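> Next come a sequence and a model predicted from it.
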Amino acid sequence: MRTTETAPLTETDAPTVPEPPRLDVVHLAKSYGSKGSSSQRADGAKKVIEDLTFSVGAGEVVCIVGPSGIGKTTFLKCLAGLQPASSGYAAIDGRKISGPPPEMALVFQDYSRSLMPWLTVRKNVILPLRHLRLPRTELKARCDEALDAVGLSHAENQYPWQLSGGMQQRVAIARALAYRPEILIMDEPFASVDAQTRFDLEDLCLKIREDFGMTILVVTHDIDEAVYLADRVVVLGSKPARVLRVVDVDLPSPRDQITTRALPEFAEQRTEVLSLIKRPA
């Protein structure tokens, strides 16, 4: 009997298996008890989020945009395990989120409330690490690395009230970095600073992704910011909220505030996202 020899598969011949998403949101919905709403369910509960389904790959920056009051912050609370979803779920690496995930850190819009004014910058950064019971040398190393990453090594002994708004937000970001999360969630993180500082913080966000390999999810009202930062933009619409479209952002990297924003493709993708948000429900 004649046999045919087959050569072993090489690395280039082997079929490629796509990596599973780092973060999965599957038919997530959220309702609150309420009366007198047009989006009220038959059981009297007000449905805030209808059906959110999308994924975030490892190392991606994904931005979520949508009209004011659409439920973006409510969604983040569900995603961070701060409150339960009414149905559906969010998962990290296939594990459903049922409480605050240890792999995740949050940066909120109101940095002035999240920082302790009586603590120095260094002590503010170290504060959330206390429960980890790390050696003092490890605490120092993490704090030094985080402050260096956000350009605040020189301000470690100052107090938040001595810093500008942009610097305070850098402290809040440094505190999240010192925790060494794998996923960074940011809720309107640059909304309370001036335009130039906002541009600087956007570039810092992209630098963090490159330097630390983090997966980053940003909620923002600023469409230009979303297109500049993101690999993909998740556009929410209607009430209760649902995903209208996930827009792939095909812009060259590295991105630059002047060059990138001047590209025709930037204007085209900004217009696409804006038209989805402005589309009648």
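Received, thanks. Nothing here was measured: the structure is a model prediction, and the numbers come from that model. Numbers count the residues shown, from 1 in each chain.
> And the residue nearest the centre of this structure?
Central residue of the chain (Cα atoms, centre = their mean): L217, 1.8 Å from the mean position.
> what bridges to it?
Taking DSSP bridges as the rule, L217 bridges to V62, I185.
> Isn't it up against L23?
Yes - look at L217 against L23 with Cβ atoms under 8 Å: they come within range, at 6.9 Å. From N, CA and C alone the C-beta is placed, and that goes for glycine too.
> any idea of the pLDDT on A42?
pLDDT, A42: 51.
> Now stretch 200-214: buried residues?
For stretch 200-214, a neighbour-count test (16 or more other Cβ atoms under 10 Å) marks D200, L201, E202, D203, L204, C205, L206, I208, R209, F212, M214 as buried.
> And M186, how far from M104?
As for M186, its distance to M104 is 11 Å (criterion: Cβ to Cβ, to the nearest Å).
> do K72 as well
On the measure of Cβ to Cβ, K72 and M104 end up 17 Å apart.
> per-residue confidence for T3?
42.
> one step back: tell me the one among the buried residues of stretch 200-214 nearest to A58.
Distance to A58 across these (Cβ to Cβ) is lowest for M214, with 9.4 Å.
> so what's the spatially closest residue to the closest one that is not a sequence neighbour up against?
Nearest non-adjacent residue to M214, counting by Cβ to Cβ, 6 or more residues apart in numbering: L184, 5.1 Å away. Taking Cβ atoms under 8 Å, 6 or more residues apart in numbering as the criterion, L184 is in contact with M104, A105, V107, A176, I208, M214, T215, I216, L217.
> just G166 next, same as before
V193, D194, T197, D200, L201.
> what comes up buried for the host helix or strand of it?
Remark: G166 resides in helix 165-178, with elements defined by DSSP states H and E. Across helix 165-178, burial judged by 16+ other Cβ under 10 Å covers 166-178.
> what's the closest of the residues you listed to I126?
Among the buried residues of helix 165-178, A178 lies closest to I126 (Cβ to Cβ), at 7.1 Å.
> can you pull the pLDDT of the nearest residue to that closest one once chain neighbours are set aside?
Leaving out its chain neighbours, the residue that sits closest to A178 by Cβ to Cβ, 6+ apart is A146, at 4.0 Å. We have a pLDDT of 92 for A146.
> Just the ones of the contacts of G166 in helices?
Among those, DSSP state H puts T197, D200, L201 in helices.
> Quick check: the last one touching V193?
Yes - in terms of Cβ under 8 Å, L201 counts as a neighbour of V193; the distance is 6.8 Å.
> Common neighbours of the two, please.
In contact with both L201 and V193: G166, Q169, using Cβ under 8 Å, 6+ apart.
> how about the strands in the chain?
All strands of the chain, identified by DSSP state E, fall at 23-33, 45-56, 61-65, 87-92, 95-96, 104-107, 183-187, 215-219, 232-237, 241-248.
> one step back: any chance of a markdown table for the buried residues of stretch 200-214, columns distance to A91 and pLDDT?
Output for these, formatted as a markdown table (distance: Cβ to Cβ, whole Å; pLDDT from 0 to 100):
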| residue | distance to A91 | pLDDT |
| --- | --- | --- |
| D200 | 34 | 90 |
| L201 | 29 | 88 |
| E202 | 28 | 92 |
| D203 | 31 | 92 |
| L204 | 28 | 90 |
| C205 | 24 | 91 |
| L206 | 26 | 93 |
| I208 | 23 | 89 |
| R209 | 21 | 91 |
| F212 | 22 | 88 |
| M214 | 18 | 91 |
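> Let's have the residues you listed in JSON lines, adding distance to D231.
Listed next are these as JSON lines, based on distance: Cβ to Cβ, whole Å:
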{"residue": "D200", "distance to D231": "21"}
{"residue": "L201", "distance to D231": "18"}
{"residue": "E202", "distance to D231": "14"}
{"residue": "D203", "distance to D231": "16"}
{"residue": "L204", "distance to D231": "17"}
{"residue": "C205", "distance to D231": "12"}
{"residue": "L206", "distance to D231": "11"}
{"residue": "I208", "distance to D231": "14"}
{"residue": "R209", "distance to D231": "9"}
{"residue": "F212", "distance to D231": "16"}
{"residue": "M214", "distance to D231": "13"}
